[in-house]
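# Below are the sequence and a predicted model for it; my questions follow.
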Number of protein chains: 4
Amino acid sequence: MSTSSYDEFRENVRGRADVEDTPERVAFYRELEHLQAGALWTVANKIEPWQPKSGSVPVLWRYQDLREYVLRSVSLVTPEQAGRRVIYLNNPGRQDVAAAVGWLYSGLQVMHPGEAASAHAHSASALRFIMEGKGAYTIVDGHKMTLGANDFVLTPNGTWHEHGVSEDGSVCIWQDGLDIPLVNALEAGFYVVHPDLQQAVTHAVDDMPALWGGRGLRPQGAGWSKPYSPLFKYEWDATYEALLKHAKVSDGSPFDGILMHYINPVTGGPVMPTIGASMQLLRPGEATKAHRHTGSVIYQVAKGKGYSIINGKRFDWAERDIFCVPSWMFHEHANLSSTDDAVLFSFNDFPVMHSLSLYREEALAENGGHQPVTG
Amino acid sequence: MSTSSYDEFRENVRGRADVEDTPERVAFYRELEHLQAGALWTVANKIEPWQPKSGSVPVLWRYQDLREYVLRSVSLVTPEQAGRRVIYLNNPGRQDVAAAVGWLYSGLQVMHPGEAASAHAHSASALRFIMEGKGAYTIVDGHKMTLGANDFVLTPNGTWHEHGVSEDGSVCIWQDGLDIPLVNALEAGFYVVHPDLQQAVTHAVDDMPALWGGRGLRPQGAGWSKPYSPLFKYEWDATYEALLKHAKVSDGSPFDGILMHYINPVTGGPVMPTIGASMQLLRPGEATKAHRHTGSVIYQVAKGKGYSIINGKRFDWAERDIFCVPSWMFHEHANLSSTDDAVLFSFNDFPVMHSLSLYREEALAENGGHQPVTG
Amino acid sequence: MSTSSYDEFRENVRGRADVEDTPERVAFYRELEHLQAGALWTVANKIEPWQPKSGSVPVLWRYQDLREYVLRSVSLVTPEQAGRRVIYLNNPGRQDVAAAVGWLYSGLQVMHPGEAASAHAHSASALRFIMEGKGAYTIVDGHKMTLGANDFVLTPNGTWHEHGVSEDGSVCIWQDGLDIPLVNALEAGFYVVHPDLQQAVTHAVDDMPALWGGRGLRPQGAGWSKPYSPLFKYEWDATYEALLKHAKVSDGSPFDGILMHYINPVTGGPVMPTIGASMQLLRPGEATKAHRHTGSVIYQVAKGKGYSIINGKRFDWAERDIFCVPSWMFHEHANLSSTDDAVLFSFNDFPVMHSLSLYREEALAENGGHQPVTG
Amino acid sequence: MSTSSYDEFRENVRGRADVEDTPERVAFYRELEHLQAGALWTVANKIEPWQPKSGSVPVLWRYQDLREYVLRSVSLVTPEQAGRRVIYLNNPGRQDVAAAVGWLYSGLQVMHPGEAASAHAHSASALRFIMEGKGAYTIVDGHKMTLGANDFVLTPNGTWHEHGVSEDGSVCIWQDGLDIPLVNALEAGFYVVHPDLQQAVTHAVDDMPALWGGRGLRPQGAGWSKPYSPLFKYEWDATYEALLKHAKVSDGSPFDGILMHYINPVTGGPVMPTIGASMQLLRPGEATKAHRHTGSVIYQVAKGKGYSIINGKRFDWAERDIFCVPSWMFHEHANLSSTDDAVLFSFNDFPVMHSLSLYREEALAENGGHQPVTG
């Protein structure tokens, strides 16, 4: 990296690097380059910003736009050719790592009745949120789970997993969420195709949610020490009911309305070590205040219509639309209906932020907590 | 404690104390007594038994016997006089500490519509399991919970709590379970009467189970760092449903059938640091195998009829009967119906055993795992 | 337990039981006794005290008194006869359970050069604090540790262990500390004699303190998941040095001077799940303020002379004396030398109090924090 | 990202993407680009590699090369101009993020007697390893620590910190290690200059190592709940002594010799949530076997001389040289002296790998565990 200017990041602030290029210094810098080294003060202000500046941009992906392409992909490639037949979301600021936002990958996958993807395992952690269709299922380490719209299922790091749609089902579309970009960046990604391409189902169908989904209960004898939730499937009906109950007894969060986090019942913590997931309800007419936090979030509209203001730009959304909030950007949400709930599913990398002690959060102090809309 | 014999615990086994009294030794022992001391070998075999020998005996308390007395107590004393109007279970081996078994206290409490006990707090941890009646409620630190039959509610160590029955309710009877004997033995018991004798209800009724009872969900913003479960109330309907779901996908435990433990959703651990609680389903005709473990258990029959064999003695039980299993006694359970479930509620001191690394468990190896009935 | 009076615990305080015996009530109580039951209000005020009233009394055992008996025991019994040749400390209030205070057992053990006790294992957790002599050693699960005066060694729950003195050593006396009374009370005690009566030494001598005793270091590859510290031996020299360093940079505790707790380096927590241990330094002339806490403590004077005031009574102590502080009794310590340190070793059941959320502490508010001496 | 070829990552393996470009498909891909989307199968094999391929290359930086530049920097810039006067290590594969390897930054900093850097705080976690000179000190949140060669000090995430050299010291050079690249990548970096540019020293000098550095001891009353170690300074003498003791009682690791990890004494875990650090001793003549693991490591030679083979290439090192091992590259170490120890300090991002469940390790199976040297 030989460059003609080394002082482009100067800041005239006490405690910051402020060193002008001189011939002597530039000569020094050039010599250092041959030693695989550099002078910190030439890059210090760049690599130590005052606060995070996300490389991602806020994007809203309309389902009505994407759905057509997802369905068209069926005739373009077979699951065997594609591995998985997915249209992925490609943030303009993150195309080099194929991320929808930050270090999170997301895509829409389609399957026809009777189709099944091959089984594999990888270091990336994954989740799947069902958007439409009947008969979808996922098999995780021999546990088969049946899935309907707005159900949420985990396929964690290291598990054998595969997806399919039963013969008597209908065309299914779901959203995948993974930490592939993060795992790649951390140079820790492994991938294995199942030797038989398919797993045997070795337990009763839907056994894990039956065993671990009790209200304040855990099953005797079903030990669990893996770092992810044994409650592989989280069903929409129970989740929506929980949101409604919550709304009856609490005002919720000024920034998020009635927000509940999916948990690992063994620890009370997030569902997987790298990805958290949540569902939130915005009451009729509710408009939340703005806050920002470290960590990236991808939302899908599970129910209703409204808008979100992200970094001063308004994004209107309807059911099944997907949008993202990059790290440290102010955001606020509003339900446009005065009679119906709006419900947002989301997943995020907050567990990473918390494990590494990097989570930080801030309310917008000005303007009554609402952003002026500039975009 | 001057005694004439010091060698009553001798054992002729290598590695054990085996010292005969002699005049010289007895003189030595008597001198030591004046120094508040003794010779270990005179008591070693007594205080280091080969395995636990519980001071409690197995007891079954028939509800049809106790209920009459519980109801009669209403005319004998007012709640104001009694503090709480309770008939407690007094194990013949534990009368000095008023325990039902081991270090666990239990009693049956009755209240008429419109009655309420005064509010207090104590270091003992308590639970309450509703046996009959409508309109019962409990208030814990300002959170009011409404209660029906087979509901289970916590009033943990240090919380302000009070019980009552609403004006439009009916006569209510419930079982109390506490660790009073343990807390006293550990010389750690404190007791405070609420300055106003009654608490204000400061939250929406049933807010804690609404917030924390979601299936694999926790509420945003409702932080919880106390050492007990925020899900103060565990309802029968959801618990029974969970048992039925469990039974469909798993064979359960050979010793306990379909057994689920009530948990603190924040940690996945027991509901309180000193008391655990469970509910178990015995399928029609099921007869479990015998095992034994350290720790004491008190059972109440929530549904059905059957029998348990405890330390070789058979105890037949019907709905609402209560029985106890002392530490390290073999026990096995059977459902006498060939068509209906039997369901047992139980509470125990297993959290103490686990925290102190004293839990141990053993299956009965002989006789196909079933005890010969001797009593 | 048939008694003529049932109202001896009445308290004329709102919220407490205050029920006078009447013929009708007494008849009721007597009928209940046949059902293995009782009326709570007859015992409620007894079993729910306002605050702990320890059954133990403060005692100081003078080493000059005990030492003679300890040495005499050598001629009275062989280690083979005695199992272990120990004079135990028998609190006048706890003779039924052979406790020195609360649920803690303690005794003084003596061995001549070349003697060795047989190996055994038990559920009780034990520690040993060396008082005098050279050549003492302890073997724990094949790890042999050499021991000198004021060294402290663990023989935790479930480990094979044995003690001895090498042929070239001198007569050794040490203090044993165990939770035998607690483990018995919890009905969780198991005892096994080693099949060979002696263990093989399977690791380098003193390997565990070498591996785990690094200052802020842990050894790669030496996994440890047991519930007690792998640093089996804690040496006096390093401990005393740590106290001196601590004293240079901190004022310490107003109640305890310079107090440090022995820890399990794997967790930062106490050395064993049921017993904690500490060493504290009282600076020349230091007299601490009084406080009280739940939990029992046994002290041994490792160095110096002074006195402690316990529950209003003064106990003067010199090197090697042992004394106890029962639960919830005020206590304060003073170093009588104006030039030399005094150092107290102690062990306690605080880990039990903490695990069960029963620890509570209170400073003496009156009289400048010092107790009037009444005894 | 419009490209002419979309099928460059095809793999003819079952379960992997293998889709040839056709005009119809390419048209489809181009349309997707307008929707901020793409077809997963065009990038799947790229973003889901079979195993990690690090973007870093192994590098050894010779101290004799770097030292001259470090010293020259003194005359080139003042600390005020530079913020900090540091020559940083710039891995040829990671120049875009200024990393020495993976997501770890490292640099060499120099200070003259009487110089001091300004105080600041940032989200990045930092450590400092002293290479030469007398009189260096670091202040962390008001705790001042004095430092000598091979001492290791922490300046964790969020702490106010500053470095200096006392007036009576000599020119000091140390190595800085930080997670700046990781924190930036995670979009979680904050930076604040201390309002006074200098902190007050509010505690006794070297108080934290005095309080927390006891061997198996923790100070009473010095609570600590922060996510990093309170033992801010780890001294060379105690560390080297621990290595020697370790070597006497254990064979150590076949891959690393006698390896000890610096720990947080409060938890037994790593010193900071994002960076771990270790010191290892290679015995005279020792040559370890090769293994590889996820996570990146930067080594500095604290003592001795030898070589490491990394990914098949041999790097010879002497005291103060620095080298790096990228993720998932095989590496092995050898001490070239037959009489003297060699000692390597290292720091790494293993805590990240462990927290996110991404750590994986593998021994080299072939060739007796040794790599053929190809480079």
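Arrived safely.
# close to chain D, is stretch A:309-328?
Yes. Counting by Cβ under 8 Å from any Cβ of the partner chain, contacts between stretch A:309-328 and chain D involve A:326, A:327, A:328. The C-beta positions use only the backbone N, C-alpha and C, and glycine is treated the same way.
# So which bits of that stretch are buried?
A:309-311, A:313, A:315, A:317, A:320-328 (16 or more other Cβ atoms under 10 Å in any protein chain shown).
# picking that back up, which one of the residues of stretch A:309-328 next to chain D is nearest residue C:118?
residue A:327 (64.6 Å; Cβ to Cβ).
# now the nearest residue to that closest one once chain neighbours are set aside: how far from chain B?
Take residue A:327 and drop its neighbours on the chain: the residue closest to it by Cβ to Cβ, 6 or more residues apart in numbering or on different chains is residue D:187, 3.7 Å away. Applying Cβ to the nearest Cβ, to the nearest Å, the value for residue D:187 to chain B is 22 Å.
# What of residue A:228?
12 Å.
# residues touching that residue, list them.
Shown in contact with residue A:228 (Cβ atoms under 8 Å, 6 or more residues apart in numbering or on different chains): A:125, A:154, A:156, A:157, A:264, A:271, A:272, A:273, D:357.
# And what about it, helix, strand or coil?
coil (DSSP: H, G, I helix; E, B strand; the rest coil).
# What distance do you get for it to chain C?
Counting by Cβ to the nearest Cβ, the gap from residue A:228 to chain C is 20 Å.
# can you check residue A:207 too?
Residue A:207 is 29 Å from chain C, by Cβ to the nearest Cβ.
# for residue A:5, same thing?
For residue A:5, the distance to chain C (Cβ to the nearest Cβ) stands at 45 Å.
# So what's the residue count around the residue nearest to residue A:116 when sequence neighbours are not counted?
Leaving aside its sequence neighbours, residue A:116 sits nearest to residue A:164 (Cβ to Cβ, 6+ apart; 3.3 Å). Here the number of neighbours of residue A:164 (other Cβ atoms under 10 Å in any protein chain shown) works out to 21.
# before we move on, what about the one 4 residues further on?
For residue A:168, the number of neighbouring residues by other Cβ under 10 Å comes to 9.
# would you list every one of the helices in the stretch 251-375 of chain A?
A:350-355 (DSSP state H, counting those that start in this stretch).
# Return the residues of it in contact with chain D.
Taking Cβ under 8 Å from any Cβ, the part of the stretch 251-375 of chain A that reaches chain D is made up of A:273-274, A:294-296, A:326-328, A:352-353, A:355-360.
# Between the residues you listed, which sits nearest residue B:339?
Comparing those against residue B:339 with Cβ to Cβ places residue A:273 closest, at 46.5 Å.
# contacting residues for that closest one?
Residues counted as contacts of residue A:273 (Cβ under 8 Å, 6+ apart) are A:125, A:157, A:227, A:228, A:351, A:355, D:355, D:356, D:357.
# In ChimeraX, how would I pick out whichever of the residues of the stretch 251-375 of chain A next to chain D are buried, leaving the exposed ones unselected?
Selection command for ChimeraX covering only the buried members of these, criterion 16+ other Cβ under 10 Å:
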select /A:273,274,294,295,296,326,327,328,352,353,355,356,357,358,360
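# before we move on, back to that, any chance of the contacts of residue A:273 in TSV, with pLDDT too?
Shown next, in TSV, are the contacts of residue A:273 (pLDDT from 0 to 100):
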residue	pLDDT
A:125	98
A:157	97
A:227	97
A:228	98
A:351	98
A:355	98
D:355	98
D:356	98
D:357	98
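# quick check, nearest of those residues to residue C:130?
In terms of Cβ to Cβ, no member of these lies closer to residue C:130 than residue D:355, at 41.7 Å.
# which residues sit in contact with that closest one?
Residue D:355 is in contact with A:273, A:355, A:356, D:273, counting by Cβ under 8 Å, 6+ apart.
# gap between it and chain C?
With distances taken as Cβ to the nearest Cβ, residue D:355 is found 17 Å from chain C.
# now that residue: how far from residue D:270?
9 Å (Cβ to Cβ, to the nearest Å).
# can you check residue A:141 too?
30 Å.
# More neighbours: which of these two?
Neighbours per residue, other Cβ under 10 Å: of residue A:141 and residue D:270, the larger number sits with residue D:270, 24 against 17.
# how near is that one to chain A?
Distance of residue D:270 to chain A, given as Cβ to the nearest Cβ: 11 Å.
# contacting residues for the residue lying closest to residue A:182 once chain neighbours are set aside?
With sequence-adjacent residues excluded and distances taken as Cβ to Cβ, 6+ apart, residue A:182 is closest to residue A:103, at 3.7 Å. By Cβ under 8 Å, 6+ apart, the residues touching residue A:103 are A:97, A:179, A:181, A:182, A:185, A:296, A:349, A:352, D:185, D:186.
# Nearest spatial neighbour of the first one, chain-adjacent residues omitted?
To tie it back to what came earlier, the one meant is residue A:97. Leaving out its chain neighbours, residue A:97 is closest to residue A:181 (Cβ to Cβ, 6+ apart), at 4.2 Å.
# Same check on the last one?
Residue nearest to residue D:186 in three dimensions, not counting chain neighbours: residue A:358, with 6.1 Å by Cβ to Cβ, 6+ apart.
# hang on, isn't that neighbour packed against residue D:188?
Yes. If you go by Cβ atoms under 8 Å, residue A:358 and residue D:188 touch, sitting 4.0 Å apart.
# Mutual contacts of the two, please.
By Cβ under 8 Å, 6+ apart, residue A:358 and residue D:188 have these common neighbours: A:294, D:123.
# Quick one: residues contacting the nearest residue to residue A:63 once chain neighbours are set aside.
When the adjacent residues along the chain are set aside, residue A:63 lies closest to residue A:320, with 3.7 Å between them (Cβ to Cβ, 6+ apart). Residues near residue A:320 by Cβ under 8 Å, 6+ apart: A:63, A:67, A:131, A:132, A:300, A:301.
# just the residues you listed now: which is nearest chain B?
If you rank these by distance to chain B using Cβ to the nearest Cβ, residue A:300 comes first, at 17.1 Å.
# pretty sure the closest one contacts residue A:321?
Yes. Counting by Cβ under 8 Å, residue A:300 touches residue A:321, with 7.4 Å between them.
# what's near enough to touch residue A:346?
Remark: with contacts taken as Cβ under 8 Å, 6+ apart, residue A:346 is in contact with A:277, A:278, A:279, A:280, A:297, A:298, A:299, A:300.
# Return a PyMOL selection command for the buried portion of these.
To isolate in PyMOL the members of those that are buried, counting by 16+ other Cβ under 10 Å, one can use:
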select buried, chain A and resi 277+278+279+280+297+298+299+300
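# Counting neighbours, what do you get for residue A:107?
Neighbour count for residue A:107, taken as other Cβ under 10 Å: 26.
# ignore the last one, residue A:338
The number of residues near residue A:338, taken as other Cβ under 10 Å, comes to 8.
# In contact with residue A:282: list those residues for me.
Residue A:282 makes contact with A:257, A:258, A:288, A:304, A:306, A:333, A:334, A:335, A:341, A:342, A:343, A:344, according to Cβ under 8 Å, 6+ apart.
# Find the helix or strand that the residue in the stretch 201-350 of chain A that chain C sits nearest to is a member of.
Closest approach between the stretch 201-350 of chain A and chain C, counting by Cβ to the nearest Cβ: residue A:225, at 11.1 Å. Per DSSP states H and E: residue A:225 is located in neither a helix nor a strand.
# Tally up the residues packed near it, please.
5.
# thinking again about what came up before, how far off centre is the helix or strand hosting the residue nearest to residue A:116?
Using DSSP H and E, the element containing residue A:164 is strand A:161-165. Counting by Cα atoms, centre = their mean, to the nearest Å, strand A:161-165 is centred 20 Å from the centre of its parent chain.
# just checking, next helix/strand downstream of that strand?
Under the assignment DSSP H and E, the closest C-terminal helix or strand after strand A:161-165 is strand A:172-178.
# who does the helix or strand following that following strand touch, helix- and strand-wise?
Counting by DSSP H and E, the next helix or strand C-terminal to strand A:172-178 is helix A:180-185. Packing contacts for helix A:180-185, counted by 3 or more Cβ pairs under 8 Å, 6 or more residues apart in numbering or on different chains; DSSP states H and E, involve helix D:44-47.
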